[in-house]
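In: Take a look and give me a structure for this.
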Amino acid sequence: MLLVHALLCTALVQDAYNTVVRYFGESPKTTPPSVFFPVFVRFIRSYKDAEQENEMRKKQEEVMREKLLAQEAKKQEKRNKWQQQELIAELRRRQAKDHRPVYEGKDGTIEDIITALKSVPFTARTAKRGSRFFCDPSHHDESNC
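Out: Model prediction:
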């Protein structure tokens, strides 16, 4: 009974081998198992090596991507800090420019007049008009004023 079972298993294995060899385009008569199966062993080893290589490459790419993101974040942080410092400097410049000294006990009217006079360009025409305000009222001759 054991012999029959062994012969039956051998026949099933032989049929399975013949089917697989034909599937890959080989002839079961010219390709013995000692030639056919080492091809699969080499393929499986190569496949595992390629998978490991791909995993290493993915890890390296991820590390590089993280480094680049960290560098970009650092650059952005420096850029933001620089912009903040520029903004603070600009606000200080504006504050210094807009700041006029206020003297105690004064309302700033004289300073406002002086500032307004400084902003008007000086020409001969404006000088003549301005001199009318300072003419002596006893002189009615406008050529002097």
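In: any weak-confidence spans in this structure?
Out: Counting by pLDDT under 70, the ranges of the chain that qualify are 1-5, 7-8, 98-108, 120-145.
In: Repeat the analysis, applying 90 as the threshold.
Out: Along the chain, the model assigns pLDDT under 90 to residues 1-14, 17, 20-21, 24-26, 28-29, 31-41, 43, 84, 87, 89-145.
In: And the helices in it?
Out: Here the chain has its helices, by DSSP state H, at 2-23, 33-98, 109-119, 124-132.
In: Take those and lay them out in JSON lines including mean neighbour count.
Out: C-beta: built from backbone N, CA, C; applies to glycine. Shown next, in JSON lines, are the helices of the chain (neighbours: other CB atoms under 10 Å):
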{"stretch": "helix 2-23", "mean neighbour count": "11"}
{"stretch": "helix 33-98", "mean neighbour count": "10"}
{"stretch": "helix 109-119", "mean neighbour count": "10"}
{"stretch": "helix 124-132", "mean neighbour count": "10"}
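In: dump the residue contacts of Ala6.
Out: Residues counted as contacts of Ala6 (CB atoms under 8 Å, 6 or more residues apart in numbering): none.
In: Roughly how far does it sit from Val20?
Out: Shown here: Ala6 relative to Val20, a distance of 21 Å by CB to CB, to the nearest Å.
In: for Ile114, same thing?
Out: Distance of Ile114 to Val20, computed by CB to CB: 106 Å.
In: repeat for Arg65
Out: For Arg65, the distance to Val20 - CB to CB - is 43 Å.
In: Kindly report the same for Lys58.
Out: For Lys58 relative to Val20 (CB to CB), the value is 33 Å.
In: just Asn80 next, same as before
Out: 65 Å.
In: who touches stretch 26-41?
Out: By CB under 8 Å, 6+ apart, the list of residues contacting stretch 26-41 reads Tyr17, Asn18, Val21, Arg22.
In: closest to Ile88 among those residues?
Out: Closest to Ile88 out of the contacts of stretch 26-41 is Val21 (80.6 Å), distances taken as CB to CB.
In: Now do the contacts for that closest one.
Out: Ser27, Pro28, Thr31, Phe36 are the contacts of Val21 under CB under 8 Å, 6+ apart.
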